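# Just the structure for this:
(2 chains)
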Amino acid sequence: MPLQIQLRVNGSAVTTEITPDTLLATFLREHLHLTGTHVGCDTASCGACTVLLDGLAVKSCNVLVAQVQNCDITTIEGITPADGSLHPMQAAFKACHGLQCGFCTPGMIMSAIDLVMHHDHSSDAEIRAGLTGNLCRCTGYHNIVRAVMQAAPIMRSAKS
Amino acid sequence: MSTARAPLIGQPVERKEDYRFVTGTGQYTDDIVLPRQAYAAFVRSPHAHANLLSLDTTAARGAAGVLGVYTGKDLANVGGVPCGWLIHSTDGTPMKEPKHPILAEDKVRHVGDPIALIVAESVRAAKSAAALIDVEYDALPAAVNPATAAASGTAVHDIAPDNICFTWAVGDKAAVDSAFAGAAHVTRLSLINNRLIPNAIEPRAANAQYSPANDSYTLYVTSQNPHVERLLMAAFVLGIPEHKLRVVAPDVGGGFGSKIYLYAEEAALVWASRRVGRPIKWTAERSESFLTDAHGRDHVTTAELALDADGKFLALRVDTIANMGAYLSTFAPCIPTILHATLLAGQYSTPHIHCQVRAVFTNTTPVDAYRGAGRPEATYLLERIVERAARELAIDPPELRRRNFIRKFPYATPVGLTYDTGDYEATLSRALELADVPGFPARKAQSERRGLLRGIGYSCYIEACGIAPSSIAGALGARAGLFEAGEVRVHPTGKVTVFTGSHSHGQGHETTFAQVVADKFGLALQDVQIEHGDTAKVLFGMGTYGSRSLAVGGSAIVKAADKILAKGRRIAAHLLEASDEDIEFRDGTFRVKGTDRSKTFAEIALAAYVPHHYPIEQLEPGLNENAFYDPPNFTFPAGSYVCEVELDPQTGAARIDRFTACDDFGNVVNPMIVEGQVHGGLAQGIGQALLEGCRYDEQSGQLLTGSLLDYTLPRADDLPGFLVETVKGTPCEHNPLGVKGCGEAGAIGSPPAVINALLDALAPYGVRELEMPATPFRIWRALAAARGTR
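Numbering: from 1, shown residues only, chains lettered A, B, ... in the order given. Below is the predicted model:
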């Protein structure tokens, strides 16, 4: 039997009827056509599908839409300014060459945002530990770590 | 008016493609949904080797939402997946080349071999129907281990009863044997180059559409080379006229070799799209990627190095068994031969080298090029045996290498290549400096105070890139040319679109190529757009692999741009009432030499498209040029890597404390992108050395490492930060940009550096050998065994 679900996605209210086994990743990509959220595996290992659920990073392939009644979902599309500029984390990834093929990038950026917003430390080792849920096969993570270091103070000063 | 500006070549400019990637607006194959989209699922063999006794599709055909069910019988008139490289055995016979059916016919030969295609209204309906297909198998013994495949008593293919695809060799065996007879010292090494599973983070995907309106097909696919895909599929598999098949490789989420090849699923989708009358999409689940993306490496090797009393290399003898898997993938036979054995001189002036390669079929996933492709295998054995020789002779490893470096160029190796340029001393001495090798003993002592072991390891690699001169490739068995094509289209406004056959799936071509063309014409970077990946837009292409894009694809673009300037000069001469020879082009302006009479690039472009005052008798209107570039030689990037590890003898846990890479890539267009390529290569090479190892059950042929939970990809906390430097270098002398290629270096040079470092740390315990991946368990076991035997 379909479930009726209400949630907010990137600030907009969404009301939907879905089958109970619909994954959040599938819903975002196929129902809302928010294809910036990518799916790279079937074991919740790669993190390409990472989105923010009430501000915290989750792997959307591992969340049912039925679990997010009345929740706030933010995807990569939701953090991108409408004026063509970039979120500080997006800008840092670009400036530091923290991406190559771009497939893991949206999920990596969402995880990095959570890391910076909810953890008040940013040593190389801490950033690496904080990003272990996201696989990147292109960059060797070196420039991703640099990007997070670059974005962190900008984001923190904007927050305070 | 354009003015002089600093060259963009050599600048670390931010990438043009990144806005769409960091905002999630890239378009990958699975993001594409076509009108009336249908979806596919494949039924795959659960057995490594079995006869197909019966296949009942009745229930699946009747299931809800099913649009079509197809098996090998339906594709009986369709060709198999072709192999693009023909190797001849030393006895002159051609390699055994069994048919690789799109869907299995009477036999399955590896776990994951596709048996049936189901097309349905949704992925869910297709998968549900797949479960209704009743297959009766007669399971057969499987040949799994390449080392024993020839003697396994089970034949993967009837035409190769001993499972040997070919036995090939290069080099002067008699000269090698005689050098060994007179050697003061011989170092011996047996090793396995561990099998790897590529795991681009974007799984393979395809979306095929047939249009009855013009009787043509469009295929969106995760490919590194859409034109090669089109050629192979049209000419060899489906018999579709080439002009009736458009192949689009949109944004592609990493390849590393695994997306070079034509795969059965893509051909099946194109074929079925006409039968179903709907576009059909398939996206691999990660478990399907593990089972069906071509794997890499998988060599079983013995090597011997003969040295004189001064440590000069006299000869190298190598015997390798290379696993082809169950079928010959597109470039498989070329990898252990042309891209492996010919690299065995490395950076050294070893006068005599002989290498024999036996390629074997096994009941495993096909094996083909994976980042580096043959060159990592060559480098691993060479740099391991050199370091072992240094230890045996008590010579400092860098010193032993120095004694044997090639120092005069061009240099013809005894295994068929001629290196044009190089300076191996420069990269080695700089790497030793960057790595602070003199400080190593102090760091080691500090580790020991904490109860830890520390080791240092070196690797000096060479690779052959810029693949390849077509005539040489052809003589060596290639069934295709290996040139590249480019088109430079100058628009009436003077803005430029460049079309290239070099697909970009992370390498940043949209930026690097634009830097080259913008400099050529004196334009701003944003005035040059690079297009790739669509056979309907791009004239032709051989694609992206073997670190060839800038050296070959970039050279084709330069050639086309030169034609634009030659034509522009003639237009300018006419407009400025001067002779062609008197026109010079500088800083974006055509000028009559020695005068102030000039026309900008944009004015000439406009004149070409609005030819009111134009030499119409002598020149066609328009400003658009094509070029094909066939390289005269390979390029030879080289470098020196230094790895320092720290490990805990109690647990075997090892950590890379510092990794230094110093490379000579010739000229560099975008140093930021080049460094990024090295980082990525290092991650994959370190992954091979410490973490990644594909394992099959030796009896059943089941893939034991078939998910990201079982196969260890490097994560952020598995890797160190890298110290990477590109030396000023020795430009390639035979391509117009002087570039050599950088995409594979890191993956080629790093595994031996890591293992050499571990063995250095373990040497006091008497550990002499460590298999890759050197997991904590393997290190601990090696230590335990050494302690037990002491």
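# Any chance you could give me stretch B:348-357 in CSV, C-alpha atoms only?
The C-alpha trace of stretch B:348-357 is given here as CSV (Å, rounded to 0.1, in the frame of the first residue of the first chain):
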residue,chain,number,x,y,z
TYR,B,348,68.8,0.7,-17.1
SER,B,349,71.3,-0.1,-19.8
THR,B,350,70.9,-3.9,-19.3
PRO,B,351,72.4,-5.1,-22.6
HIS,B,352,70.4,-8.4,-22.9
ILE,B,353,66.8,-9.1,-21.9
HIS,B,354,64.6,-12.0,-22.6
CYS,B,355,61.0,-12.4,-21.6
GLN,B,356,58.6,-15.2,-22.2
VAL,B,357,54.9,-14.7,-21.7
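# for the record, mean pLDDT for it?
Averaging pLDDT along stretch B:348-357 yields 98.
# got it, and stretch B:585-592?
Stretch B:585-592 comes out at a mean pLDDT of 96.
# and that stretch, how far out from the chain's middle?
In this view, stretch B:585-592 has its centroid 40 Å away from the chain centroid, taken as CA atoms, centre = their mean, to the nearest Å.
# Likewise for stretch B:430-448?
Chain-centre distance of stretch B:430-448: 33 Å, with CA atoms, centre = their mean.
# Need the distance between the two termini of that stretch.
End-to-end distance of stretch B:430-448: 27 Å, with CA to CA, to the nearest Å as the criterion.
# Check stretch B:14-27 too.
End-to-end for stretch B:14-27, by CA to CA: 20 Å.
# could you give me the average pLDDT of that stretch?
98.
# which parts of it are buried?
Under the neighbour-count criterion of 16 or more other CB atoms under 10 Å in any protein chain shown, stretch B:14-27 has B:14-19, B:21-26 buried. (C-beta placed from N, C-alpha, C; glycine too.)
# quick check, nearest of those to chain A?
Distance to chain A across these (CB to the nearest CB) is lowest for residue B:24, with 1.9 Å.
# For the closest residue to chain A within the stretch 201-350 of chain B, grab the count of nearby residues.
Nearest residue of the stretch 201-350 of chain B to chain A (CB to the nearest CB) works out as residue B:253 at 2.9 Å. Neighbours of residue B:253 under the rule other CB atoms under 10 Å in any protein chain shown: 30.
# Run through the residues that contact it.
Residues near residue B:253 by CB atoms under 8 Å, 6 or more residues apart in numbering or on different chains: A:38, A:40, A:101-104, B:28, B:200-202, B:222, B:505-506.
# List the single closest residue to it in space, sequence neighbours excluded.
residue B:202 (2.4 Å; CB to CB, 6 or more residues apart in numbering or on different chains).
# next one: residue B:121
In space, and not counting its chain neighbours, residue B:121 is closest to residue B:65: 3.9 Å by CB to CB, 6+ apart.
# Specify the beta-bridge partners of the residue nearest to residue B:147 when sequence neighbours are not counted.
Nearest residue to residue B:147, sequence neighbours excluded (CB to CB, 6+ apart): residue B:300, at 4.6 Å. In this entry, residue B:300 is beta-bridged to residue B:192, residue B:321, by DSSP bridges.
# Please enumerate the strands of the stretch 51-200 of chain B.
Taking DSSP state E, counting those that start in this stretch, the strands of the stretch 51-200 of chain B run over residues B:66-71, B:107-108, B:114-120, B:134-139, B:164-171, B:185-193.
# tell me the strands in chain A, going along the chain?
A:3-9, A:12-18, A:50-53, A:56-59, A:72-74 (DSSP state E).
# Pick the most deeply packed of the ones you listed.
Among the strands of chain A, strand A:50-53 has the highest mean neighbour count (mean count of other CB atoms under 10 Å in any protein chain shown), at a mean of 25.
# what are the pairing partners of that strand, and which direction each?
In the sheet, strand A:50-53 lines up with strand A:56-59 (antiparallel), strand A:72-74 (antiparallel) (DSSP bridges).
# Mind putting the ones you listed into a markdown table with distance to residue A:16 and mean pLDDT?
Listed next are the strands paired with strand A:50-53 as a markdown table, based on distance: least, CB to CB, whole Å; pLDDT from 0 to 100:
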| stretch | distance to residue A:16 | mean pLDDT |
| --- | --- | --- |
| strand A:56-59 | 18 | 98 |
| strand A:72-74 | 12 | 98 |
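# Next, format those as a markdown table and append distance to residue B:136.
Below are the strands paired with strand A:50-53 laid out as a markdown table (distance: least, CB to CB, whole Å):
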| stretch | distance to residue B:136 |
| --- | --- |
| strand A:56-59 | 39 |
| strand A:72-74 | 47 |
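# that older thread, which of the contacts of residue B:253 sits closest to residue B:614?
residue B:505 (41.4 Å; CB to CB).
# burial of the nearest residue to the closest one once chain neighbours are set aside, as a residue count?
Counting by CB to CB, 6+ apart, the nearest residue to residue B:505 once its immediate chain neighbours are dropped is residue B:252, at 3.7 Å. Neighbour count for residue B:252, taken as other CB under 10 Å: 28.
# for residue B:252, phi and psi?
phi -120, psi 130 (degrees, to the nearest 10).
# That one is in contact with residue B:225, isn't it?
No: in this structure residue B:252 lies outside contact range of residue B:225 using CB atoms under 8 Å: 10.4 Å.
# Name the residues contacting each of those two.
In contact with both residue B:252 and residue B:225: residue B:503, using CB under 8 Å, 6+ apart.
# mind putting the strands of the stretch 51-200 of chain B in CSV, mean pLDDT included?
Output for the strands of the stretch 51-200 of chain B, formatted as CSV (pLDDT from 0 to 100):
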stretch, mean pLDDT
strand B:66-71, 98
strand B:107-108, 98
strand B:114-120, 98
strand B:134-139, 97
strand B:164-171, 98
strand B:185-193, 98
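# Make JSON lines from those and add mean neighbour count and distance to residue B:576 to it.
Formatted as JSON lines, these follow (neighbours: other CB atoms under 10 Å in any protein chain shown; distance: least, CB to CB, whole Å):
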{"stretch": "strand B:66-71", "mean neighbour count": "22", "distance to residue B:576": "65"}
{"stretch": "strand B:107-108", "mean neighbour count": "24", "distance to residue B:576": "71"}
{"stretch": "strand B:114-120", "mean neighbour count": "25", "distance to residue B:576": "63"}
{"stretch": "strand B:134-139", "mean neighbour count": "14", "distance to residue B:576": "76"}
{"stretch": "strand B:164-171", "mean neighbour count": "21", "distance to residue B:576": "58"}
{"stretch": "strand B:185-193", "mean neighbour count": "18", "distance to residue B:576": "62"}
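# Turn those into TSV, columns for distance to residue A:33.
Shown next, in TSV, are the strands of the stretch 51-200 of chain B (distance: least, CB to CB, whole Å):
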stretch	distance to residue A:33
strand B:66-71	23
strand B:107-108	38
strand B:114-120	21
strand B:134-139	37
strand B:164-171	47
strand B:185-193	44
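# and residue B:628, which of those strands is closest to it?
Of all those, it is strand B:164-171 that lies closest to residue B:628, at 29.5 Å by CB to CB.
# Pull the residues that contact that closest one.
Residues from elsewhere that reach strand B:164-171, judged by CB under 8 Å, 6+ apart: B:87-91, B:93-96, B:150, B:324, B:328, B:333, B:337, B:341-342, B:352-361, B:414-416.
# Are any of the residues you listed buried, and if so which?
Buried members of the contacts of strand B:164-171, scored by 16+ other CB under 10 Å, are B:87, B:89, B:95-96, B:150, B:324, B:328, B:333, B:337, B:341-342, B:352-361, B:414-416.
# Thanks a lot, see you next time.
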